[in-house]
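> just need the structure, nothing else, for what follows:
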Amino acid sequence: MDLLYHSSEFLLPSFSEGMKTDYALVILNQPLPKFTPVLWDHAKIVLCADGGANRLFDEMPQLFPQQDSAFVRSKYKPDVVKGDMDSIRTEVKEFYANLGARIVDESEDQDTTDLHKCVSFVLQDAIVGKSDDLCILVAGALGGRFDHEMGNINVLCMFSNIRIVLLSDDCLIQLLPMTHRHEICILSSVEGPHCGLFPIGTASAIATTTGLKWDLNDTEMKFGGLISTSNIVSEEKITVQSDSHLLWTIEIRKPAT
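Below is the predicted model:
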């Protein structure tokens, strides 16, 4: 079984020219994480999912209170605004369209979520989608309505062969597919120590880990039984192997003030 390597290097403030991963950023209609400008700097393409454009327009200037709002809005222009267009305000859509953003109206498709639509677009993009090492970062993916959160987690399962990371100010969530063994590099300056592992898409999972305070050893996890919540990372590298898909979550550290 092949090994997949995971790192949250995209949370690091300094941009590394040595990054091998191609990042795409999708902004959803929930509060922008305070580290959104860092994610933006790492991204090769930025998409707003429908009402996510409102969040970008309203909240990005708040992250730069010393700068002119019009300048910030012009600097942080999405490449694409895509979705069913039931949430984006007219003036916001016109503003980004006038700056050259591509507006993709898929209001005829009510069977997929706006995040699903954006992920599909990224995978078809001529520059990013053909990368062998692609990661899609989703800002504002957690919080708000529970059905929206579950829809976002469902997208992780629908695109299980693509690394997609759901992000909020508090934590990140990503899928660890059962097709691989996983090694997770813990960047203690920006994440941890609290973490969790949960089976998804099946009744139970047999999982083994190293590097956690309470490691699993061929342990069965299932809802209605044991799940690994409020665990703690104890080493710089975590390994995970399971006979079914698992969700990995770890807290994101608050920046020093």
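> can you list contacts of the helix or strand harbouring residue 5?
Taking DSSP states H and E as the definition, residue 5 sits inside strand 3-7. For strand 3-7, contacts defined as C-beta atoms under 8 Å, 6 or more residues apart in numbering pick out 163, 174, 176, 177, 180, 181, 182, 183, 184, 185, 187, 248. In this view, the C-beta of every residue, glycine as well, is placed from N, C-alpha and C.
> swap in 6 Å and give it another go.
The set of residues external to strand 3-7 that reach it, using C-beta atoms under 6 Å, 6 or more residues apart in numbering, is 180, 181, 182, 183, 184, 185.
> filter those residues to the buried ones?
Buried subset of the contacts of strand 3-7 (neighbour count, 16 or more other C-beta atoms under 10 Å): 182, 183, 184.
> alpha carbons of the strand or helix carrying residue 40, as PDB, please.
Taking DSSP H and E as the definition, residue 40 sits inside helix 36-42. Backbone C-alpha positions of helix 36-42 (Å, rounded to 0.1, in the frame of the first residue of the first chain) are rendered in PDB as follows:
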ATOM      1  CA  THR A  36      -7.000  33.700   4.300                       C
ATOM      2  CA  PRO A  37      -4.300  36.100   2.800                       C
ATOM      3  CA  VAL A  38      -1.700  33.400   3.500                       C
ATOM      4  CA  LEU A  39      -3.700  30.800   1.700                       C
ATOM      5  CA  TRP A  40      -4.200  33.300  -1.200                       C
ATOM      6  CA  ASP A  41      -0.400  33.800  -1.500                       C
ATOM      7  CA  HIS A  42       0.000  30.000  -2.000                       C
END
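> hey, C-alpha coordinates of the very next helix or strand once past that helix in PDB?
Per DSSP H and E, the first helix or strand lying C-terminal to helix 36-42 is strand 43-49. Extracted C-alpha coordinates of strand 43-49, given in PDB (Å, rounded to 0.1, in the frame of the first residue of the first chain):
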ATOM      1  CA  ALA A  43      -2.800  29.600  -4.500                       C
ATOM      2  CA  LYS A  44      -2.400  29.300  -8.200                       C
ATOM      3  CA  ILE A  45      -6.200  29.900  -8.700                       C
ATOM      4  CA  VAL A  46      -8.800  31.400  -6.500                       C
ATOM      5  CA  LEU A  47     -12.500  30.700  -6.800                       C
ATOM      6  CA  CYS A  48     -15.500  32.100  -4.900                       C
ATOM      7  CA  ALA A  49     -18.400  29.800  -4.500                       C
END
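> who touches strand 43-49?
So strand 43-49 is contacted by 22-28, 56, 78-83, 114-115, 118, 128 (C-beta under 6 Å, 6+ apart).
> mean confidence (pLDDT) on it, please.
Across strand 43-49, pLDDT averages out at 95.
> orientation of the helix or strand following it relative to strand 43-49 in degrees?
Following strand 43-49 in sequence order, the next helix or strand is helix 52-59 (DSSP H and E). Computed by axes from the mean of the first three to the mean of the last three C-alpha atoms, to 10 degrees, the angle separating helix 52-59 from strand 43-49 equals 100 degrees.
> the contacts of strand 43-49, buried ones only, as a PyMOL selection?
The following PyMOL line selects those of the contacts of strand 43-49 that are buried, judged by 16+ other C-beta under 10 Å:
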select buried, resi 22+23+24+25+26+27+28+56+78+79+80+81+82+83+114+115+118+128
